[in-house]
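K.L.:
would you be able to build a 3D model of this:
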Amino acid sequence: MAMPAFAQRKKVMNLPKYDLDPYHFGFILAGNQMHYSMKMDKSYQLEKYDGSYWPEKPNNDEISLYSLTAVPTPGFTIGIVGNLRLGNHFDLRFIPSLSFGERHFDYVIKQYNGDEESLVSFRKSNSSTFVEFPLHLKFRSKRLNNAAAYLIGGVNYTIDLASQKKNEFQISDPNDPTSNITVVEGVLKKRNDLALEIGTGFDFYTNFFKFGVELKMSYGLGNILIKDDYIYSSSIESLRNKVFQISFTFE
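P.N.:
Numbering: from 1, shown residues only. Model (predicted):
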């Protein structure tokens, strides 16, 4: 009897006992986009200041904040993966990481000079270097050949190493040239934050390691704004970190 030209063969399963190991390690490479969730005072456009509230351009005109927009930019993350098996479908993951990124504040200032009004636009950069300590619970689907889908959720404690100092500088009092006054040239942020994180991804089992692709969102729980009297932050009611991240894991 003739044999069929093509016979159905079972797909070879790579690393068949990988998920039975009590723990394993790896590393992560990721691209991020850092945002701010910003809430403005309701009447911020109606509030007027004298020129001293704008330290980089002191003048005698009255000023007010016409608009403020937070603009995200791309960044990157590197980290180490530690995975503890809790059961057939659950893992506990600890991923200490270092993240680099930058966000911009686009300001439009309205100046009042008698009956005349004019708008001045400028941008302030706000960089961040986060030391992160995320702790996630991972729920993994049943493995289908050499792939599995998963969901993650957890918390992330972060320390922003670039939170305040870069925005501070000193100027001399015009009435006393020997004195120095510390002012700020942008928004000051608190150093520590705690965020909730949720994400989803896929694991692919190769002959030698497990490769993962993950999409995650992080939302800060605390108001990180250090409010002062200057035009840069006086009209902001609250400021929270918000980060989107696509990760590639090698375990």
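K.L.:
please enumerate the strands of this structure.
P.N.:
For the chain, strands defined by DSSP state E occupy the ranges 23-40, 62-85, 90-94, 97-113, 116-140, 147-160, 168-173, 176-184, 188-189, 192-205, 210-220, 225-226, 236-250.
K.L.:
out of the ones you listed, which one sits most buried?
P.N.:
Of all these, strand 188-189 has the most neighbours on average by mean count of other C-beta atoms under 10 Å, namely a mean of 20. C-beta coordinates here come from the backbone N, C-alpha and C atoms, glycine included.
K.L.:
can you list the strands that that strand pairs with?
P.N.:
strand 225-226 (antiparallel) (DSSP bridges).
K.L.:
let me see the mean pLDDT of the strand it pairs with.
P.N.:
In this model, strand 225-226 carries a mean pLDDT of 88.
K.L.:
ditto for stretch 40-51
P.N.:
So the average pLDDT for stretch 40-51 ends up being 81.
K.L.:
okay, buried residues for that stretch please.
P.N.:
Y44, Y49 (16 or more other C-beta atoms under 10 Å).
K.L.:
low pLDDT regions in this protein?
P.N.:
By pLDDT under 70, the weakly predicted segments of the chain are 1-10, 51-53, 55-60, 164-185.
K.L.:
what do you get if the cut-off is 90, keeping everything else the same?
P.N.:
Confidence mapping of the chain against pLDDT under 90 gives the ranges 1-13, 41-65, 109-127, 162-190, 226-235.
K.L.:
sorry, back to before: so which of the strands of the chain gets nearest K48?
P.N.:
Nearest to K48 among the strands of the chain is strand 62-85 (4.9 Å), distances taken as C-beta to C-beta.
K.L.:
what's the closest of the strands of the chain to L15?
P.N.:
The nearest among those, by C-beta to C-beta, is strand 192-205 at 4.9 Å.
K.L.:
packing partners for that closest one?
P.N.:
strand 116-140, strand 147-160, strand 210-220, strand 236-250 (3 or more C-beta pairs under 8 Å, 6 or more residues apart in numbering; DSSP states H and E).
K.L.:
between those, which gets nearest to M38?
P.N.:
Closest among the helices and strands packed on strand 192-205, using C-beta to C-beta: strand 236-250, at 5.5 Å.
K.L.:
so what's G79 up against?
P.N.:
F27, I28, A30, I95, P96, S97, L98, E132 (C-beta atoms under 8 Å, 6 or more residues apart in numbering).
K.L.:
now these as TSV including distance to P74?
P.N.:
Formatted as TSV, the contacts of G79 follow (distance: C-beta to C-beta, whole Å):
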residue	distance to P74
F27	20
I28	17
A30	11
I95	20
P96	22
S97	16
L98	16
E132	17
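K.L.:
any chance of the helices and strands packed on strand 192-205 in CSV, plus distance to E47?
P.N.:
Formatted as CSV, the helices and strands packed on strand 192-205 follow (distance: least, C-beta to C-beta, whole Å):
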stretch, distance to E47
strand 116-140, 15
strand 147-160, 28
strand 210-220, 26
strand 236-250, 12
